[in-house]
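A.B. asks: Kindly generate the corresponding structure for this input.
(one chain, ligands or ions: 2)
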Amino acid sequence: MLPDLFAFERRRTDLGPEAAILGGFALDQADMLLEQVEHLSRLAPFRHMQTPGGRHMSVAMLNAGSLGWISDPSGYRYTPIDPQTGLAWPPIPPLFMELASRVAQAMGFSAFVPDACLINRYAPGTRLSLHQDRDEQDHNAPIVSVSLGLPATFLWGGLQRNDPTARYRLTHGDVAVWGGPSRLVFHGITALKEGMHPLTGALRYNLTFRKVR
Ligand code: SIN
Ligand code: FE2
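C.D. replies: Ligands and ions are numbered 1, 2, ... in the order given. Here you go, the predicted structure:
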């Protein structure tokens, strides 16, 4: 039988202009993606970064790529060095690069070569409050976001912080993409519900691919 090349079209949920959830797009590779996350976390451990306000984020994070997103008391920014290890962030695995590029292509974006991959880890109760991804210099490239493990509720707002938000369920293998006029839309994740996933246990992981420079 021929592979169903357009299966993702049927599982596509539009969020707005040039923004969508591609249901199950990464499902086939999910176990390999998780193996890579495990490997990366031995090179750059997950950590709860401090916010500029001095609190610790409930999401645990690490980065891969030539640049990594960090938060500390002096603010949010991208750095080539992991402040915790003093070493460069590990490179983005080829499997990740290939997936990010296929997603962008499926959405009609031009060639997408991310230089940063932020990996978030959520435990039950962990949330990510409404924010824009705006620390990147390049706002032409989309954000590609891959969900693994426990399901989450994605908040999708507008270009103003107080615009109304819609809620979407993100499950294992789903990919959300936003670019073009939606690139700076406010988004977030509500407090993760308790659960047990066969591959990740009581956790959810999210990979976001960004082009910073
Ligand atoms: C993010 O906004 O950086 C991550 C969103 C998610 O965890 O799905
Ligand atoms: Fe974000």
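A.B. asks: what does this structure put close to ligand 1?
C.D. replies: Residues of the chain found near ligand 1 (Cβ under 6 Å from any ligand atom) are N120, L128, S145, S147, F154, L170, H187, I189, N206, T208. In this view, the C-beta of every residue, glycine as well, is placed from N, C-alpha and C.
A.B. asks: Could you rerun that using 8 Å?
C.D. replies: Counting by Cβ under 8 Å from any ligand atom, the residues of the chain close to ligand 1 are 59, 118, 120, 122, 128, 131, 133, 143, 145, 147, 152, 154, 170, 176, 187-189, 204, 206, 208.
A.B. asks: Not counting sequence-adjacent ones, nearest residue to V146?
C.D. replies: Closest residue to V146 apart from its sequence neighbours, by Cβ to Cβ, 6 or more residues apart in numbering: L207 at 4.3 Å.
A.B. asks: Make sure that neighbour is actually in contact with I119.
C.D. replies: Yes. With contacts counted by Cβ atoms under 8 Å, L207 reaches I119, the gap being 5.5 Å.
A.B. asks: what touches both of the two?
C.D. replies: Listed as contacting both L207 and I119 by Cβ atoms under 8 Å, 6 or more residues apart in numbering are V37.
A.B. asks: Now list the buried members of the residues of the chain next to ligand 1.
C.D. replies: Among the residues of the chain next to ligand 1, the ones that count as buried by 16 or more other Cβ atoms under 10 Å are 59, 118, 120, 122, 128, 133, 143, 145, 147, 152, 154, 170, 176, 187, 189, 204, 206, 208.
A.B. asks: Mind checking which of those land in strands?
C.D. replies: Among those, the members falling in strands (DSSP state E) are 118, 120, 122, 128, 143, 145, 147, 152, 154, 170, 176, 187, 189, 204, 206, 208.
A.B. asks: Enumerate every residue touching the closest residue to ligand 1 within the chain.
C.D. replies: Going by Cβ to the nearest ligand atom, ligand 1 is nearest to N206 of the chain, at 3.3 Å. N206 is in contact with I119, N120, Y122, S145, V146, S147, L148, A152, I189, counting by Cβ under 8 Å, 6+ apart.
A.B. asks: can you rerun that using 7 Å?
C.D. replies: N206 makes contact with N120, S145, V146, S147 under the criterion Cβ atoms under 7 Å, 6 or more residues apart in numbering.
A.B. asks: Understood, closing this out.
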